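Undergrad: dropping a prediction and its sequence here:
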Amino acid sequence: MAEATTAVAEKPPLTTHKQPIRLKPDNRRVIMRPFVLGEARIRTVVNRVRPMAEEQVAELLQGVIGDYSGRHRNIERTLWNNFEEVRPYIEGVEAFSDQRKLLVATFFTMEYAIESAALFNPSMVPGPDQANLQPDEVRVVMSLRATGEGHVSSIEFREAIIAGDGHLAMEPTSRFVAAPALRKDTVYDRHLFRLRVLAMGAPGPPESSEIHGTAFGEQIVDQVLAPLGDRFTFDALAQAIHDYRQQDHSYPAFAEMQLDRMMLLARANYELTFSKDSEISERVVFPVTMHESRGIEDARFVRFVEDDGQIRYLATYTAFDGFNIMSQLLETDDFLQFKVHTLNGRYVNSKGMAFFPRRLHGRYAMISRVDGENLFVMYSDNIHFWDEAEFLRAPEQPWEFMQIGNCGSPLETEAGWLLLTHGVGPMRRYCIGALLLERDNPAHVIGALPWPLLAPDEEEREGYVPNVVYSCGALIHNGWLIIPYAVSDFQTRVASVWLADLLAALTPV
């Protein structure tokens, strides 16, 4: 294990161990994604396939499958899924043979190299499968931000085993990779959906309206949801909105804005399912909705333990459509099925929120940077709504004078909550620091590391964004703090620190 020493004048050195692991982007890892053009173009292409002889269809299809089947698992299953994307625009599709349908699908499918540009911003949690390990080992799941063509980001996963001495051994990475299926039968809770819509605010009534905008917006929502039950599907909501549009309403432009918000919200809350025969390194959470079309960024995973002992994995991430960001919540029990939820409230319109790994005094809590500069602790009785934030800390050291944020969820120790931070200093250099928060009142800082725990060394300065080290979540195992971290927005490394040494180096506040 290579060693690097971070030293500051008048302070004893704190030794960090930089492990030899380097996870670099691999442009051979490609997914099959829909390549859907406008409706007119779809029909034009289909009409060129339509008159082809069946023998020619079979020959061309087998040629495509032969060329690409070695690069993907279950290529035909993916083609069938992509065919469903264009089926509504094809006239007389019932007369098409299965092989003609699949051939049509090949024209509306493309490969995308999900990590051709970067593989970075990792987080790490103990995985759900801890079978077949030595007593002092733990199997972990690492999430990574993969970035490809056009800077579109997605979430990938890797597995590794951490030994008792802190060494991390990566499990083999599969050659294959695949996006999950978007569940068509996602069910929405009516009460929660209504609260979410109203939390978005009213889009604003026309000047001629005599009804207060908020009340009018609420009226529209209630009228649309009235015929639906306590739980409903996306299709049922779409039908209810269609039926509402058929009625005679005043202020149609304002109503349309509210209806569009309801559909946007429904699309932003969905479920994903991976194939059970896939390895965890084959699974990639790729953007599927318009509000995240330009990327899913910086997932911060945490193993969350409820008061009754129930375990689930939560992650916040930033959805980006090229212009706006939206804070999202990802939830899973097994890394096979995921639920995606919007986060609502006055304090969620920012990047970099990280859950505490359990409730605090019966409430959910997160570390965030609601003003883009300082750290805050947020609290909520409902995991989906965040309207309460308490100031935690401003930048105090020169290496963080620009801004300070978290590097993942707080880690519970006997001394308090250990919070890894990132600070931005001169020349926009990112460093990783550490704070210690009081266990019963985490808005109270009781210790701080007066120098960076990790700073980009000469080997780590070059990348897509130079001079950056950054993490989205570490863990503690057998007395070691294990920190997966990004190197200049390009690749991922792992460092380890003896926890007792770190705690001893903190300066009381």
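TA: Here it is on my side, so go on.
Undergrad: report the buried residues of stretch 473-492.
TA: By 16 or more other C-beta atoms under 10 Å, the buried positions in stretch 473-492 come out as 473-475, 477, 480-492. For the C-beta atoms, the positions are set from N, CA and C on the backbone; glycine is no exception.
Undergrad: so for the strand or helix carrying Arg41, mean pLDDT?
TA: In this assignment (DSSP states H and E), Arg41 forms part of helix 39-49. Averaging pLDDT along helix 39-49 yields 95.
Undergrad: just the buried residues of that helix, please?
TA: For helix 39-49, burial by neighbour count (16+ other C-beta under 10 Å) applies to 42, 46, 49.
Undergrad: right, and the second one touches Val104 too?
TA: Spelled out, it's Val46. Yes. Using C-beta atoms under 8 Å, Val46 is in contact with Val104, at 5.8 Å.
Undergrad: mutual contacts of these two, please.
TA: Listed as contacting both Val46 and Val104 by C-beta atoms under 8 Å, 6 or more residues apart in numbering are 86, 90.
Undergrad: looking at this structure, which residue lies furthest from center?
TA: Ala53 (45.4 Å; C-alpha atoms, centre = their mean).
Undergrad: I'd assumed Val140 was in contact with Ala169.
TA: No. Assessed by C-beta under 8 Å, Ala169 is found out of contact with Val140, at 10.5 Å.
Undergrad: and the two? Which one has more around it.
TA: Per other C-beta atoms under 10 Å, whichever of Ala169 and Val140 has more neighbours is Val140, with 22 against 12.
Undergrad: who does that one bridge with?
TA: When assigned by DSSP bridges, Val140 has beta-bridge partners Pro126, Ala160.
Undergrad: and it, what does it touch?
TA: By C-beta under 8 Å, 6+ apart, the residues touching Val140 are 124-127, 159-162, 168, 475, 482.
Undergrad: and these as TSV, adding distance to Phe108 and pLDDT?
TA: As requested, those are arranged in TSV below (distance: C-beta to C-beta, whole Å; pLDDT from 0 to 100):
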residue	distance to Phe108	pLDDT
Met124	37	98
Val125	37	98
Pro126	41	98
Gly127	36	98
Glu159	33	98
Ala160	37	98
Ile161	41	98
Ile162	43	98
Leu168	41	97
Leu475	42	98
Ile482	43	98
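Undergrad: so who does Thr233 touch?
TA: 185-188.
Undergrad: measure it to Ala95 for me?
TA: In this view, Thr233 and Ala95 are 30 Å apart by C-beta to C-beta, to the nearest Å.
Undergrad: likewise Ala319?
TA: Using C-beta to C-beta, Ala319 is found at 40 Å from Ala95.
Undergrad: between the two, tell me which one has more neighbours.
TA: Counted by other C-beta under 10 Å, Ala319 and Ala95 do not tie: Ala319 has more neighbours, with 22 against 8.
Undergrad: three-state assignment of the more buried one?
TA: Assigned by DSSP: H, G, I helix; E, B strand; the rest coil, the conformation of Ala319 is strand.
Undergrad: isn't it right next to Leu330, touching?
TA: No. At 10.5 Å, Ala319 and Leu330 do not qualify as touching, with contact defined as C-beta under 8 Å.
Undergrad: next, the distance between the ends of stretch 470-483.
TA: Counting by C-alpha to C-alpha, to the nearest Å, you get 10 Å between the two ends of stretch 470-483.
Undergrad: beta partners for Gly447?
TA: As for beta bridges, Gly447 partners with Leu436, Pro508 under DSSP bridges.
Undergrad: count of neighbours near it?
TA: Burial of Gly447 is recorded as 20 neighbouring residues (other C-beta under 10 Å).
Undergrad: could you do Ala131 as well?
TA: 5.
Undergrad: and Leu272, by the same measure?
TA: 21.
Undergrad: okay, buried residues for stretch 234-251 please.
TA: Those would be 234, 237, 240-241, 244, 251, for stretch 234-251 by 16+ other C-beta under 10 Å.
Undergrad: tell me the least confident of these?
TA: Within the buried residues of stretch 234-251, pLDDT is lowest for Tyr251, at 62.
Undergrad: out of the buried residues of helix 39-49, who's nearest Asp334?
TA: Asp334 has its nearest neighbour among those in Ile42, at 36.4 Å by C-beta to C-beta.
Undergrad: measure the closest one to Asn81 for me?
TA: Ile42 sits 16 Å away from Asn81 when distances are taken as C-beta to C-beta.
Undergrad: would you mind measuring from the residue lying closest to Pro426 once chain neighbours are set aside to Phe254?
TA: Distances taken as C-beta to C-beta, 6 or more residues apart in numbering place Pro398 nearest to Pro426, at 7.3 Å, with adjacent residues excluded. Distance, Pro398 to Phe254, using C-beta to C-beta: 51 Å.
Undergrad: these two: who's more crowded?
TA: Phe254 (22 against 10).
Undergrad: state the next helix or strand along the chain beyond the longest helix along the chain.
TA: Longest helix in the chain by number of residues (criterion: DSSP state H): helix 252-268. Where DSSP H and E defines the elements, the next helix or strand beyond helix 252-268 is strand 270-273.
Undergrad: ranges for the helices of the protein?
TA: Along the chain, counting by DSSP H, helices occupy 39-49, 54-68, 75-86, 98-107, 190-199, 213-225, 234-246, 252-268, 499-505.
Undergrad: how about the CA coordinates for the third one, as CSV?
TA: Included here for helix 75-86 are C-alpha records, laid out as CSV according to Å, rounded to 0.1, in the frame of the first residue of the first chain:
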residue,chain,number,x,y,z
ILE,A,75,-29.8,-8.1,-27.5
GLU,A,76,-33.2,-9.2,-28.8
ARG,A,77,-35.0,-8.3,-25.5
THR,A,78,-33.5,-4.8,-25.8
LEU,A,79,-34.6,-4.5,-29.4
TRP,A,80,-38.2,-5.4,-28.4
ASN,A,81,-38.2,-2.7,-25.8
ASN,A,82,-37.0,-0.2,-28.3
PHE,A,83,-39.6,-1.3,-30.8
GLU,A,84,-42.3,-0.4,-28.3
GLU,A,85,-41.0,3.2,-28.4
VAL,A,86,-41.9,3.6,-32.1
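Undergrad: name the helices or strands packed onto it?
TA: Judged by 3 or more C-beta pairs under 8 Å, 6 or more residues apart in numbering; DSSP states H and E, the packing partners of helix 75-86 are strand 30-34, helix 54-68, helix 98-107, strand 109-113.
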